[in-house]
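Enquirer: Sequence and computational prediction follow.
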Amino acid sequence: MPGSVALIGGGPGAADLMTVRALRLLDQADVVYYDRLAPTDELAAWAPRARLVDVGKRPGHHRVPQEEINRLLVASARSGLRVVRLKGGDPFVFGRGSEEVSACRDAGIEVSVVPGITSAVSAPAAAGIPVTARGLSTSFTVITGHDPLSERALAALAHLGGTTVVLMGMGTLGHTAAGLVRHGMSPETPAGLVERGCTPEQRVCIAPLGRILLASAMAGIASPAVLVIGEVVRLAPGAEQRLRDLVQSA
């Protein structure tokens, strides 16, 4: 009998933010292909009968190419296994989940998708930053900072308004912040970095946009971290005082 593939979003990292459906499918799984940022501390207990395979990518190092991951999913399902592909966050938010679904469908494999809580909203929320707030922001834009933004994209974001959320953006933080200021965004715009949001290792760094790179370096903020830019950052606990102190010291 042919097997199946379940593409699961594991949320931002905390075990208790996994969905009930995700845990049920893991319990039934024969093999689990998991990512670096997926919640894995309790994976052996969640998938007691499954073979666990790490196919996670790291910045600058893709140990298992995406094409090989697609092949493994299809081959395992064709051999009759119940396959789980476990990702961090939501599988359709910068996770290449659509490519894996397409590969399975093209091969005639039954595939389902289990949404997960994306770090684009959960990490800011865990730091007390709502991505929208009445009177401050009625929209939010989520972008990837994996590669440097073009001048055209920076110019558009600088005048878009609302809240900007940047995922995978630590490596391009300086380029992003300087580019937004260069294209007209005020250097005093509040900005916040949430490192390892929703986990016990969570740390938050808040500074004006023009000083966020320096502030993050001084605090030692590292990837994975979510960057939030906009007036909503002021709602984080202690943010107003932190922003005033940095402006006065400039």
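Expert: That came in fine, so what should we check first? Numbering: from 1, shown residues only.
Enquirer: now the spatially closest residue to Phe94 that is not a sequence neighbour: how far from Gly238?
Expert: In space, and not counting its chain neighbours, Phe94 is closest to Thr144: 5.0 Å by Cβ to Cβ, 6 or more residues apart in numbering. Glycine gets a C-beta too; all of them are placed from N, C-alpha and C. Using Cβ to Cβ, to the nearest Å, we find Thr144 at a distance of 29 Å from Gly238.
Enquirer: Of the two, give the one with the bigger neighbour count.
Expert: Thr144 (13 against 10; other Cβ atoms under 10 Å).
Enquirer: Just give me the neighbour total for His146.
Expert: Neighbour tally, His146, other Cβ under 10 Å: 13.
Enquirer: contacting residues around Gly95?
Expert: Gly9, Asp35, Lys87, Gly88, Gly89 (Cβ atoms under 8 Å, 6 or more residues apart in numbering).
Enquirer: Can you pick out the most distant pair from these?
Expert: Farthest pair in these (Cβ to Cβ) is Gly9 and Asp35. Separation: 10.3 Å.
Enquirer: Looking at the two now, which is surrounded by more residues?
Expert: A direct count of neighbours by other Cβ under 10 Å for Gly9 and Asp35 places Gly9 higher, at 26 against 20.
Enquirer: Tell me who's in contact with that one.
Expert: Gly9 touches 19, 22, 87-92, 95, 97, 114-118, counting by Cβ under 8 Å, 6+ apart.
Enquirer: And Val233, by the same measure?
Expert: Taking Cβ under 8 Å, 6+ apart, we find Val233 in contact with Ile129, Pro190, Ala191, Gly192, Ile206, Ala239.
Enquirer: helices and strands around the longest helix anywhere in the chain, which ones?
Expert: Of all segments of type helix in the chain, defined using DSSP state H, the longest is helix 66-78. Applying 3 or more Cβ pairs under 8 Å, 6 or more residues apart in numbering; DSSP states H and E, one finds that helix 66-78 contacts strand 4-9, strand 31-34, strand 82-87, helix 97-106.
Enquirer: Flag the shaky bits of the protein, pLDDT-wise.
Expert: 58-62, 247, 250 (pLDDT under 70).
Enquirer: Relative to Arg82, how far out is the residue nearest the centre of it?
Expert: Centre of the chain computed as the mean C-alpha position; nearest residue by Cα atoms, centre = their mean is Ser119, 4.5 Å away. As judged by Cβ to Cβ, Ser119 and Arg82 stand 27 Å apart.
Enquirer: try Arg36
Expert: In terms of Cβ to Cβ, Arg36 sits 23 Å off from Arg82.
Enquirer: Compare these two (neighbour count), which wins?
Expert: The neighbour count for Arg36 versus Arg82, taken as other Cβ under 10 Å, is higher for Arg82 (18 against 15).
Enquirer: Need the nearest residue in space to that one, chain neighbours excluded.
Expert: Nearest non-adjacent residue to Arg82 (Cβ to Cβ, 6+ apart): Asp30, at 4.8 Å.
Enquirer: residue contacts, that neighbour?
Expert: Gly3, Arg49, Ala50, Arg51, Ser76, Leu81, Arg82, Val83.
Enquirer: Report how many residues lie close to the nearest residue in space to Val31 that is not next to it in sequence.
Expert: Once flanking residues are discounted, Val31 sits nearest to Arg51: 4.7 Å by Cβ to Cβ, 6+ apart. If you count neighbours by other Cβ under 10 Å, Arg51 ends up with 12.
Enquirer: what's the offset of stretch 122-135 from the middle of its chain?
Expert: Counting by Cα atoms, centre = their mean, to the nearest Å, stretch 122-135 is centred 15 Å from the centre of its parent chain.
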